[in-house]
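> Take this sequence and fold it.
(chains A and B)
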Amino acid sequence: MSSKMYELFKKTLEKYLPGKGVTKRITPDQLELKRFEDLEHYKDVLYFCGKCGQCRYVFQEAYWSRVCPSGELKKFEAYYLGGKNLLLWGVLSGKLKWTENLAKILYHCTLCGNCTQQCQIPEIHHYALEWLFAARIESVKRGIAPMPEHRKFGEWTKKEHNPYMELHTDRQKWISSDIRRELPEKADIVYFVGCTSSYREIQVAKAMLDILTSLKLNFTILKDEWCCGSPLFWTGQIDIAKECAKHNIEEIEKSGATIVVTSCAGCYRMIKEIYRNKFGLEYSFEVLHAPEFLLSLVKDGTLPLENEISEKVTYHDPCHIGRHMGLYEPPRELLKNIPGIELIEMTRNRRNAWCCGAGAGVKSAFKDLALFAAHERLKEAQSTEAEILATSCPFCERNLRDAAKAYNVNIKVVDIIELIKYSM
Amino acid sequence: MGTIEGEGKERILKELESIVGSEYVSSSREITFLYHWDFVTAEEPGRCDFVVMPSSTEEVQEIVRLANREKIPVIPWVSGMNFGGICIPRKGGIVVDLRRMNKVLEVNEDDMYAVVEGGITWGDLKGYLEKHHPNLRAGITWSPAGTGVIPSYICYGMLDLGFIGGTGAEFINGLEVVLPTGEIVRVGSCMCTNYWLGRAPLPDLVGLFIGWDGTTGVVTKAGIKLWPNLPRKDFIIIADTVDTGVKIFRKLAKAGLGIVDMCFLNYVWLCSLQGYREDENMPFEPEKTGGNDFYGLVTITAYTEKEMEAKSESIMKIVDEEGGLVADIETVIDMFSENEKENLLTLTNLPIHFYGVWNFSRGGGGEWVGSYISSRHVAQYYEIARSIAKKYGKHACMYGRVMFGGHHWIARVNINFNKNDPEDVEHARKCLMEIDENVRKLGSVIRYKAPPWAKKRNLEKANPTALELIRKIKSLLDPNGIMNPGHEM
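Coordinates of the predicted model:
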């Protein structure tokens, strides 16, 4: 009897069985170049959404916690995935017009993907981030986006190759002149520093440099590193982002490196996924995020961790390495290798992790949303009784620390790289 | 009444802003658009003038007072999803979106009830109970996490404790309601104590707000029954036809086995639930595949293992005697891989995602002929619906539940359609109306969460005195007719 039912259900439920946790899956449709710019392509899929609201909650886990920073702040349905889906269906079917107000709603989103993670309609689960992004591109084409702040840093990046309104000539000011002089033209490993660690969170870059230097690895830092293009790409400024990508690939290839190590989650996803899958650019090197790279060094004995850190630590998954790229375990494994650390998980972790609120242009254009999201995360971290909130992205670190300061939250926010440096 | 324009609109907008704060009011096209449609059914869209999101009973009261003074419609709203379009604003006005009023205010473990705000969703309620009171559970509908608890309860929604507790309406111990004239009323035992124990022994005024589809007031708080969260066991019961399945279920209902829920669906729903298209996977006619057409889910709970075993044995025996197939769901699921098992179990852990409720593979549209019905007519209901659907080139997705110890049943037939194809939408609407017309001839069918056209049919043969009483009550409570106009009884 049971086996008969098994056969029946196996046959009937096969489409359902893959289920949750596959947002990252790259489908042939997603690999189609230019598809990410083609909102019209998704017209008939958008209406699969019935605005049921599952995109607001973790599905059947983590006490059905809320997942959408934008929706939780603004509350109106338009700010959740369901609302955005149907607004887009509205404009594509001529029931609504493209307006600046609509663009503002669409840009009120960190594109963190937690909503798509929860929606179990396969087409939405896999493709919603694609059409949310395509909607930005369409808004830019229609002249109602990006937001003024994005346009400003876009223009600046064209000129000075960073979105922080800093001079390109100052990019490596954080490196002592002695070390800068010694960095070779060619090396096996390139440490791709990224703009946030070069201009703002320089302690992350310094810690990474110290680790690489003290291990005497054959590495270098590009003398003419440009922005990876991530903030431009996600705000719909594709052309500038692509210029950055071409330049960086050329510079890395010139170095002869076979491995590129990133410390910024945004840089990692950009170089590893977007350069290839969205821009169609090819390169010959491997891209590793710092925790992956450092963990391999710990495992092969190159990087012994000896100094104890007797603290309770909780870990915040950056969206760009977590949900978007599937890197959940290496950072945790690395933390567990540090003597003394007690790793405590927050309720929303891994695929369900609450976004810090900084990404996709939100921190520059909608500061209230960025701070709200980060404050929520800080409160969740505090509820674990951890003393340290560790992450693996300088942009998350920066936003979380800004919120800690703004709301007077007493928890230490650090990058895992900083902990590794202390422990070695 | 119509939509509001010009200076008056500005003035009302400002007044609403002064009540709830400017960030929680909108009249912009991008925000209101999402309240004009239900995005599921074949019912026509409507239009509202404002959306407002209050955070307290007092704010709701001020909004309703303003609306009553200005004679502007008020549409209470939590998610807008009910498969009958009963939240679609038919005459403009203010949508009162209660989503900010989503808290559990009290849980009384001894008397097993919770007091919740009117905008609480299944996700909010389930999450709260799992975290703070894991020994208790609520009755939950087969619906997504973002939909509302109280709207479901006051519209006779069917829950996964329906066999033991009845409809959602029976799960309500008391209500706090803002009347259309702006007064706040408490009904049930909370009328005169701080205990929300139940509706006895005073006059049961809770009925003034149940089954009225939001036309008599805005519910701001509710006392709802909770139940012990005991170990459970689910059985899959398969029969060749709906007729046979109904007979098995009727016998199980009378066997006193501590069943808490009994529901079933037909072969087509089982297929369409998983997004199958007939052309690409399998024929939708069970006889073509040699398949069965009745798939039941029966849930029992027990305090001890021995009790569970005894109940299980009785269930197996009855199903066998009546010619059905039965297996406990764990045994079947254990045969799947770990990952598959995890995903299969989500189907029995309500609330559920929309994909598990509805089939969107053919354009995302669906509407039901949802009916309270005598068990005598369930099989005929299905056959009538099936043959009419076939005539329209549609498949009848059947779903049903045995309610309150078997005293009555719910049967509903869903018809799917492509929401992007106006012809298909119209075609589906005609099909639904024809099914509705014909199943009513069975004599016991009454629609629930019904769109206006079906509501009208509900009352065509109603007792005239009862109808007059309904009109008098409505007029007394809502003299200006502001509450959810277009959806009255």
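
> could you pull out the helices for the stretch 151-300 of chain B?
Taking DSSP state H, counting those that start in this stretch as the criterion, the stretch 151-300 of chain B carries its helices at B:162-165, B:242-253, B:267-273, B:286-289.

> for chain A, what are the nearby residues on the stretch 51-200 of chain B?
B:51, B:53, B:79-81, B:97, B:99-100, B:121, B:123-124, B:126-128, B:130-131, B:143-147 (Cβ under 8 Å from any Cβ of the partner chain). Heads up, the C-betas are built off the backbone N, CA and C, glycines and all.

> Which of these fall in helices?
Judged by DSSP state H, these include B:123-124, B:126-128, B:130-131 as members of helices.

> Closest one to residue B:429 out of the residues you listed, please.
Ranked by distance to residue B:429 (Cβ to Cβ), these are led by residue B:123 at 31.2 Å.

> separation between the closest one and residue B:350?
11 Å (Cβ to Cβ, to the nearest Å).

> If you count surrounding residues, which of those two has more?
residue B:123 (27 against 23; other Cβ atoms under 10 Å in any protein chain shown).

> Quick check: the more buried one touching residue A:55?
No: using Cβ atoms under 8 Å, residue B:123 makes no contact with residue A:55, being 10.8 Å away.

> what touches both of those two?
residue B:146 (Cβ atoms under 8 Å, 6 or more residues apart in numbering or on different chains).

> In chain A, which residue sits closest to chain B?
residue A:53 (1.4 Å; Cβ to the nearest Cβ).

> neighbours around that residue, how many?
With other Cβ under 10 Å as criterion, residue A:53 counts 31.

> Skip the chain neighbours and tell me the closest residue to it.
Leaving aside its chain neighbours, residue A:53 sits nearest to residue B:146 (1.4 Å; criterion: Cβ to Cβ, 6 or more residues apart in numbering or on different chains).

> how about that neighbour, what does it touch?
A:52-57, A:82, B:79, B:121-123.

> low pLDDT regions in the chain?
Looking at chain A here, since you left the chain open. A:1-31, A:33 (pLDDT under 70).

> wait, I meant chain B there
Residue ranges of chain B with pLDDT under 70: B:1-2, B:272-284, B:288-290, B:339, B:343, B:354-362.

> go with 90
B:1-7, B:38-40, B:81-84, B:142-144, B:267-292, B:329-366, B:393-395, B:416-421, B:461, B:488-489 (pLDDT under 90).

> hey, where'd the strands end up in the stretch 151-300 of chain B?
B:172-178, B:184-188, B:218-228, B:232-239, B:259-265, B:294-301 (DSSP state E, counting those that start in this stretch).

> Which positions within the next helix or strand after the last one qualify as buried?
Going down the chain from strand B:294-301, the next helix or strand is helix B:305-321, by DSSP states H and E. Across helix B:305-321, burial judged by 16 or more other Cβ atoms under 10 Å in any protein chain shown covers B:308, B:311-312, B:314-316, B:318-319.

> Make JSON lines from those and add distance to chain A to it.
Formatted as JSON lines, the buried residues of helix B:305-321 follow (distance: Cβ to the nearest Cβ, whole Å):
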{"residue": "B:308", "distance to chain A": "18"}
{"residue": "B:311", "distance to chain A": "18"}
{"residue": "B:312", "distance to chain A": "13"}
{"residue": "B:314", "distance to chain A": "17"}
{"residue": "B:315", "distance to chain A": "13"}
{"residue": "B:316", "distance to chain A": "9"}
{"residue": "B:318", "distance to chain A": "15"}
{"residue": "B:319", "distance to chain A": "10"}
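
> tell me the secondary structure for residue B:416?
The assignment at residue B:416 comes out as strand when based on DSSP: H, G, I helix; E, B strand; the rest coil.

> what about it, neighbour count?
Residue B:416 has 24 neighbouring residues, counting by other Cβ under 10 Å.

> Which residues are in contact with the residue lying closest to it once chain neighbours are set aside?
Nearest residue to residue B:416, sequence neighbours excluded (Cβ to Cβ, 6+ apart): residue B:366, at 4.8 Å. Neighbouring residues of residue B:366 by Cβ under 8 Å, 6+ apart: B:40-41, B:83, B:358-359, B:397, B:414-417.

> rerun at 7 Å
B:40, B:358, B:414-416 (Cβ atoms under 7 Å, 6 or more residues apart in numbering or on different chains).

> Using JSON lines, lay out those residues together with distance to residue A:346.
Converted to JSON lines, these look like this (distance: Cβ to Cβ, whole Å):
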{"residue": "B:40", "distance to residue A:346": "35"}
{"residue": "B:358", "distance to residue A:346": "33"}
{"residue": "B:414", "distance to residue A:346": "40"}
{"residue": "B:415", "distance to residue A:346": "44"}
{"residue": "B:416", "distance to residue A:346": "40"}
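
> Can you tell me which of those is nearest chain A?
The shortest approach to chain A among the contacts of residue B:366 belongs to residue B:40, at 4.7 Å (Cβ to the nearest Cβ).

> Tell me how many other residues surround the closest one.
Residue B:40: 26 neighbours (other Cβ under 10 Å).

> That one should be in a helix, yeah?
No: assessed with three-state DSSP, residue B:40 is coil; it does not lie in a helix.

> My understanding was that it contacts residue A:51; is that so?
No: applying Cβ atoms under 7 Å as the test, residue B:40 and residue A:51 come out as separate, 8.2 Å apart.

> just checking, what packs against the host helix or strand of residue B:18?
Applying DSSP H and E as the criterion places residue B:18 in helix B:6-20. The helices and strands touching helix B:6-20, judged by 3 or more Cβ pairs under 7 Å, 6 or more residues apart in numbering or on different chains; DSSP states H and E, are strand B:25-26, strand B:50-52, helix B:57-70.

> need the helices for the stretch 301-450 of chain B, in chain order.
Under DSSP H, counting those that start in this stretch, the stretch 301-450 of chain B gives helices at B:305-321, B:329-333, B:338-345, B:354-357, B:378-391, B:422-439.

> and those, which is most packed in?
helix B:354-357 (a mean of 25; mean count of other Cβ atoms under 10 Å in any protein chain shown).

> Residue A:190 contacts residue A:255, correct?
Yes: here residue A:190 reaches residue A:255: they are 5.5 Å apart, a contact under Cβ under 7 Å.

> so what sits against both of these two?
Listed contacts common to residue A:190 and residue A:255 are A:220, A:222; contacts here mean Cβ under 7 Å, 6+ apart.

> So the two - more neighbours on which side?
Between residue A:190 and residue A:255, residue A:190 has the larger neighbour count (other Cβ under 10 Å), namely 26 against 21.

> For the helix or strand encompassing that one, which helices and strands make contact with it?
Using DSSP H and E, residue A:190 sits in strand A:189-192. Identification of packing neighbours for strand A:189-192 by 3+ Cβ pairs under 7 Å, 6+ apart yields strand A:219-220, strand A:259-262.

> quick one: buried residues of stretch A:394-410?
Neighbour count says stretch A:394-410 has A:394-404, A:409 buried, by 16+ other Cβ under 10 Å.

> tell me the domain boundaries of the chain?
By default, I'm working from chain A. A:19-141, A:162-298, A:306-423 (automatic domain parsing).

> should've been chain B
B:104-228, B:232-447.

> among those domains, which is the most enclosed?
Mean neighbour count (mean count of other Cβ under 10 Å) peaks for domain B:104-228 among the domains of chain B, with a mean of 21.

> for it, the distance to its chain's centre please.
Per Cα atoms, centre = their mean, to the nearest Å, the displacement of domain B:104-228 from the mean C-alpha position of its chain is 13 Å.

> For residue A:221, give me its contacts.
A:183, A:191, A:193.

> In space, what's closest to the last one - neighbours in sequence excluded?
What sits nearest to residue A:193 in space, not counting adjacent residues and going by Cβ to Cβ, 6+ apart, is residue A:205, at 5.0 Å.
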